[in-house]
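> Model the following, please.
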Amino acid sequence: MTSRWCSSTTWMRRCARAMRLRHRLRIRRALISAAAVPLPYYNKRRDQYGGSVENRARFWIESLEKVRKAVGKDCAISTRFAVDTLYGQSGIEAERDGVKFAALADPLVDLWDIDVGDIAEWGEDAGPSRFYLQGHQVPWTRIIKQV
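Numbers count the residues shown, from 1 in each chain. All right, here's what the predicted structure looks like:
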């Protein structure tokens with residue numbers, strides 16, 4: 001899987017160079033997005049990829065490192081991260097897991113795309129304005145900005 005990400009990001013970088021040459025655009029961004037830290041509820045591994053948040057983050061950190069190596073330092077990397085899945089102890093909690101993961105990955109990431117919730121409960125991430133006040137996700141974003 002990581003080899004596919006590396007291939008696609010190097011391909012995007014080549015396309016960006018071609019567009020920049022053709023249209024004088026400066027596109028220097030490789031976008032990779034996925035579930036960053038597997039949920040403790042699902043991750044029952046007992047090896048170096050399970051257990052602690054550092055171990056559960058290992059695959060994503062390794063993937064970011066490979067992508068960084070593939071695209072170089074002059075190409076920005078962005079990543080999406082569910083800072084809190086809103087599942088409590090069985091999920092990712094901002095104060096417990098989110099901050100640790102962000103600290104581990106921050107040296108490799110140029111742009112963070114922070115969201116709240118996950119695919120099963122995405123109402124906090126994409127709630128309509130008639131049900132949510134403007135800036136309702138600011139508390140979670142503020143926690144990550146501390147890193």
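
> so where is the chain shaky, pLDDT-wise?
1-2, 5, 16-38, 119-127 (pLDDT under 70).

> again, 90 this time
Applying pLDDT under 90 to the chain flags the ranges 1-46, 49-53, 56-60, 62-64, 66-98, 101, 109-141, 143-147.

> quick one: buried residues of the lengthiest strand in the chain?
Counting by DSSP state E, the longest strand found in the chain is strand 76-84. By 16 or more other C-beta atoms under 10 Å, the buried positions in strand 76-84 come out as Ile77, Thr79, Phe81, Ala82, Val83, Asp84. C-beta here means a position set from N, CA and C on the backbone, and glycine is covered the same way.

> Now render the residues you listed as CSV, adding distance to Lys66.
Formatted as CSV, the buried residues of strand 76-84 follow (distance: C-beta to C-beta, whole Å):
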residue, distance to Lys66
Ile77, 11
Thr79, 13
Phe81, 18
Ala82, 22
Val83, 23
Asp84, 27
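
> Okay, angle between the helix or strand hosting Glu54 and strand 76-84 too, please.
Using DSSP states H and E, Glu54 sits in helix 53-71. Here helix 53-71 runs at an angle of 160 degrees relative to strand 76-84 (axes from the mean of the first three to the mean of the last three C-alpha atoms, to 10 degrees).

> Just the CA atoms of helix 53-71, as PDB, please.
In PDB, the C-alpha atoms belonging to helix 53-71 read as follows (Å, rounded to 0.1, in the frame of the first residue of the first chain):
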ATOM      1  CA  VAL A  53      -0.600   5.100  20.300                       C
ATOM      2  CA  GLU A  54       3.100   5.200  19.100                       C
ATOM      3  CA  ASN A  55       2.800   1.600  17.800                       C
ATOM      4  CA  ARG A  56      -0.600   2.200  16.300                       C
ATOM      5  CA  ALA A  57       0.800   5.300  14.500                       C
ATOM      6  CA  ARG A  58       3.800   3.400  13.300                       C
ATOM      7  CA  PHE A  59       2.400   2.400   9.900                       C
ATOM      8  CA  TRP A  60       1.200   5.900   9.100                       C
ATOM      9  CA  ILE A  61       4.500   7.500  10.200                       C
ATOM     10  CA  GLU A  62       6.400   4.900   8.100                       C
ATOM     11  CA  SER A  63       4.100   5.800   5.200                       C
ATOM     12  CA  LEU A  64       4.700   9.500   5.600                       C
ATOM     13  CA  GLU A  65       8.500   8.900   5.700                       C
ATOM     14  CA  LYS A  66       8.400   6.900   2.500                       C
ATOM     15  CA  VAL A  67       6.300   9.500   0.700                       C
ATOM     16  CA  ARG A  68       8.600  12.300   2.000                       C
ATOM     17  CA  LYS A  69      11.600  10.400   0.600                       C
ATOM     18  CA  ALA A  70       9.800   9.800  -2.700                       C
ATOM     19  CA  VAL A  71       8.800  13.400  -3.300                       C
END
